[in-house]
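J.: Please find the sequence and the predicted model below.
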Amino acid sequence: MSWTDERVETLKRMWTEGQSASQIAKVLGGVTRNAVIGKVHRLGLSNRGAEGEEVPVAEAAPMPEPVQPEPAPAPEPPRPVPPVAPAPVAVVPARRPIAPAGQPLPPQPSANEISPEALASQREVEKRARRLSLMELTERTCKWPIGDPATEDFWFCGLPCAAGKPYCEAHVGVAFQPMSARRDRRR
């Protein structure tokens, strides 16, 4: 759709008669209300006053009075959390010192090999896990996924989280590996 001289004249006439942008768009056809409003502004047509008098565009619409929001309902009291037995503290391996630049890295165990102790530790944690569904997770529960998400036998660990982490102590040890272990895996 192009704005021919005839269409522009029709727009100007209807606008000064006080027709709405929607009505003008309907008469012109092939144009939206927003296109009519845009053309009115580009043509510099002023907004209309209450009695047909022209009012400059900047003064056209009076500022609406602010709407006072309704007071928010009182928050519900926190629900009591059932006590959970504290999880045994897992031994987290000490971080290796970072080698200075230009120095070779010290020999390190392969990151692909999982020690039998770590595997046994993870199996023990999974035996004690609370087996929560996605909807049962909270900010204080371990979010470690276990199983295949496409099956019915999929769940999350649910044990208490380590401070500042999304997982329990045992799963933190698996999820957050030192940089050197990740570097070895890429080689």
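T.: Yes, it's here. Residues are numbered from 1 along each chain as shown.

J.: what does the domain assignment say about the chain?
T.: The chain breaks down into these domains under automatic domain parsing: 5-59, 116-186.

J.: Identify whichever of these lies nearest to residue 81.
T.: Nearest to residue 81, of all those, is domain 116-186, at 7.9 Å by Cβ to Cβ. From N, CA and C alone the C-beta is placed, and that goes for glycine too.

J.: ok, which stretches of the chain are strands?
T.: For the chain, applying DSSP state E gives strands covering 47-48, 54-55, 145-146, 155-156.

J.: Which of those comes out lowest on mean pLDDT?
T.: Ranked by mean pLDDT, these end with strand 54-55 at the bottom, a mean of 48.

J.: in the sheet, who's paired with residue 141?
T.: On the basis of DSSP bridges, residue 141 is bridged to residue 160.

J.: what about it, how many neighbours?
T.: Applying the criterion other Cβ atoms under 10 Å, we find 20 residues in the vicinity of residue 141.

J.: What of the one 3 residues further on?
T.: For residue 144, the tally of surrounding residues (other Cβ under 10 Å) stands at 23.

J.: residues contacting it?
T.: 156, 157, 167, 168, 171, 175 (Cβ atoms under 8 Å, 6 or more residues apart in numbering).

J.: Buried residues, stretch 136-152. List them.
T.: 141, 142, 143, 144, 146 (16 or more other Cβ atoms under 10 Å).

J.: what's the closest of those to residue 13?
T.: Closest to residue 13, out of all of the buried residues of stretch 136-152 and judged by Cβ to Cβ, is residue 143, at 65.7 Å.

J.: Dump the contacts of residue 144 into JSON lines; add distance to residue 129 as well.
T.: Shown next, in JSON lines, are the contacts of residue 144 (distance: Cβ to Cβ, whole Å):
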{"residue": "156", "distance to residue 129": "8"}
{"residue": "157", "distance to residue 129": "5"}
{"residue": "167", "distance to residue 129": "11"}
{"residue": "168", "distance to residue 129": "9"}
{"residue": "171", "distance to residue 129": "10"}
{"residue": "175", "distance to residue 129": "15"}
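
J.: What is the nearest of these to residue 70?
T.: Using Cβ to Cβ, residue 156 comes nearest to residue 70 of the contacts of residue 144, at 38.2 Å.
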